[in-house]
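Undergrad: below are the sequence and a predicted model for it; my questions follow.
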Amino acid sequence: MRHLRYLIPMVFLAISVGCATKSATDTGDSAAPEESRATPSRVDDDRAQPGAPMPSDGGLNLVDDRTVYFAFDSAEIRAADRELVRMHGRNLADNSDLSLRLEGHADERGTREYNIGLGERRAQAVKAALMVQGASADQLTTVSYGEERPAVLGSNESAWAQNRRVEMAYGR
């Protein structure tokens, strides 16, 4: 009976701590979900020749992680994607025979013309960041699809967050 006095508060504490924990999807974060980072982009893998994952890469790898996501109406690379861009830039610098096509995209909000321009600004931002890491301008091309090639269909924040992106497609 004496132990029951300690056991009941411990059980209550364990239950309340477990219920108070929020998952990443409960936070309302409008950033692209982690599931989309693990799914390969639409890339012709027969042409892709990226190097092996780099040491201290935080679990990223050059084969699967080829998408940079952006905030609404922004062409600034998010802090969460800077390491990914750094890795791809170093890979290009180390492999001068590789080329990379940067495909800029936007969500459906805004005019067609505005979204084409936004996709281009996003692709150019990634290009500049890759060049800082040693990639040459000759290895990089940009194209903007604006809202024309959504990764996810839908008119909600989750879909929009996954459509605001630059996809990197390797070639030789």
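TA: Received it, and whenever you're ready, just let me know what you need.
Undergrad: isn't A129 right up against G89?
TA: Yes - when contacts are counted by C-beta atoms under 8 Å, A129 is listed as touching G89 (6.7 Å). Using the backbone N, CA and C atoms, a C-beta is placed for each residue, glycine as well.
Undergrad: show me which of those two is the more surrounded one.
TA: Neighbour totals were compared for A129 and G89, and G89 leads with 22 against 19 (other C-beta atoms under 10 Å).
Undergrad: and the more buried one, what does it touch?
TA: With contacts defined as C-beta atoms under 8 Å, 6 or more residues apart in numbering, the neighbours of G89 are 129-135.
Undergrad: can you tell me which of those are buried?
TA: Buried positions within the contacts of G89, assessed by neighbour count (16 or more other C-beta atoms under 10 Å), are 129-131, 135.
Undergrad: just give me the closest of the residues you listed to R149.
TA: Among these, L130 lies closest to R149 (C-beta to C-beta), at 21.3 Å.
Undergrad: torsion angles phi and psi at the closest one?
TA: Backbone geometry at L130, expressed as degrees, to the nearest 10, gives phi -70, psi -40.
Undergrad: residue contacts, it?
TA: So, once contact is read as C-beta under 8 Å, 6+ apart, L130 ends up touching 85, 88-89, 92, 100, 140.
Undergrad: please tell me how far the nearest residue to F72 once chain neighbours are set aside sits from Q139.
TA: Once flanking residues are discounted, F72 sits nearest to R164: 6.8 Å by C-beta to C-beta, 6 or more residues apart in numbering. R164 sits 25 Å away from Q139, going by C-beta to C-beta, to the nearest Å.
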